[in-house]
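1. Take this sequence and fold it.
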Amino acid sequence: DATMSLDEFWRMINDAKIVDKGFSRENVRTAFIEANQSLEKTLEPDEWIGALIRIAGAKLKKLTSLSVCDKFHTLLERYILMFCCGAETHEFKTAIYQSPVQEVVVAHKTRLKRIFKHYACLNDRHKAQQSDNEMSYSEVAQLVRDINAFDVVCTHQALEQMHTTLHGDHASREGGGLLYHEFTEMVCGLAAFKFPAPYIPLHMKVERFMEVWLSKVKFR
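-> Residues are numbered from 1 along each chain as shown. Purely as a prediction, here's the structure:
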């Protein structure tokens with residue numbers, strides 16, 4: 001089926017966690033109706049895109065420095081892709097373990113290990129020794145903060161959403177931390193996030209992220 005009904009559109013928006021106190025179900029209905037150019041009560045693919053553009057404009061209206069295109073991109077990255085693309089998440093995790101990406105990870109293993117160990121014991125120097133083998137979400141956030149990688153798209157909320165998408169709810173996991181291999185997955189996710197151009201292979205994004213962003217890490 002190449003069309004989407006209002007109920008189906010609503011379920012997608014609900015799954016993407018777009019609705020909140022400042023953006024209601026009525027806003028979603030209005031975007032659907034305004035985008036629907038035909039007599040049918042369903043959206044064609046181009047109308048679906050139009051509806052999302054309207055939602056992006058309304059949802060992110062406070063980000064006045066962003067163009068319509070940037071707001072649409074931000075909506076996709078921060079909400080749609082994060083919460084509505086489970087199959088793509090599986091494919092992404094599979095791509096991480098392909099040879100080209102793993103060769104980059106191995107090539108930078110010494111620095112990645114040093115970064116991991118540094119941040120894994122950053123928040124509490126007195127925690128159990130075995131906890132130094134895990135990196136908490138707050139420690140991941142501190143790393144991103146230290147390298148100044150947060151921006152209007154890579155927000156704290158977006159980082160937590162990516163963490164949850166790749167590794168589940170960190171608050172419910174035993175220990176709540178990432179092991180080293182999970183940390184490298186987060187690095188790959190951040191690389192894809194900071195360099196979203198689809199024509200750049202993932203291994204090149206990871207290499208560039210190492211050179212441009214993780215080179216900024218200063219060990220205290």
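
2. helix/strand/coil for the most far-flung residue of the chain relative to its centre?
-> Going by CA atoms, centre = their mean, the residue of the chain most distant from its centre is Leu39, 36.5 Å out. Of the three states, Leu39 takes coil under DSSP: H, G, I helix; E, B strand; the rest coil.

3. any idea how far it is from Ser67?
-> Distance, Leu39 to Ser67, by CB to CB, to the nearest Å: 32 Å. Yep, even glycine has a C-beta here, placed from its N, CA and C like the rest.

4. what's the closest non-adjacent residue to the residue most central in space within the chain?
-> Central residue of the chain (CA atoms, centre = their mean): Met162, 3.8 Å from the mean position. Once flanking residues are discounted, Met162 sits nearest to Gly189: 5.2 Å by CB to CB, 6 or more residues apart in numbering.

5. For Phe150, see how far away the one you found is.
-> Relative to Phe150, Gly189 is positioned 15 Å away (CB to CB).

6. give the contact list for the residue farthest from the centre of the chain.
-> By CB atoms under 8 Å, 6 or more residues apart in numbering, the contact set of Leu39 is empty.

7. Which elements pack onto the helix or strand of the chain with the lowest mean pLDDT?
-> One helix or strand of the chain scores below all others by mean pLDDT, DSSP states H and E: helix 81-84, with a mean of 70. Contacts defined by 3 or more CB pairs under 8 Å, 6 or more residues apart in numbering; DSSP states H and E place helix 81-84 against helix 6-15, helix 156-167.

8. The longest one: what's the following helix or strand?
-> For helix 156-167, the succeeding helix or strand toward the C-terminus, using DSSP states H and E, is strand 177-178.

9. what does the average pLDDT come to for that following strand?
-> For strand 177-178, the mean per-residue pLDDT is 82.

10. Just confirm the residue nearest to Met162 is within a strand.
-> No: using three-state DSSP, the assignment for Gly189 is helix, not a strand.

11. Just give me the neighbour total for it.
-> 22 (other CB atoms under 10 Å).

12. Give me the neighbour count for Phe72.
-> A count of neighbours around Phe72, defined by other CB under 10 Å, yields 20.

13. Can you check what angle separates the helix or strand it falls within from helix 156-167?
-> Element membership for Phe72 (DSSP H and E) is helix 68-75. Here helix 68-75 points in a direction 50 degrees away from that of helix 156-167 (axes from the mean of the first three to the mean of the last three CA atoms, to 10 degrees).

14. Next, the buried residues of helix 68-75.
-> Under the neighbour-count criterion of 16 or more other CB atoms under 10 Å, helix 68-75 has Lys71, Phe72, Thr74, Leu75 buried.

15. name the helices or strands packed onto that helix?
-> Other elements packing on helix 68-75 under the criterion 3+ CB pairs under 8 Å, 6+ apart are helix 45-59.

16. Would you mind listing the outside residues contacting the helix it packs on?
-> In contact with helix 45-59 (CB under 8 Å, 6+ apart) are residues 2, 4, 9, 13, 18, 23, 27-28, 30-32, 34-38, 43, 68, 71-72, 74-76, 80.

17. Give me the angle between it and helix 68-75.
-> 90 degrees.

18. just for this structure, where's the confidence low?
-> By pLDDT under 70, the weakly predicted segments of the chain are 1-2, 82, 85-89, 123-132, 152-153, 166-176, 196-198.
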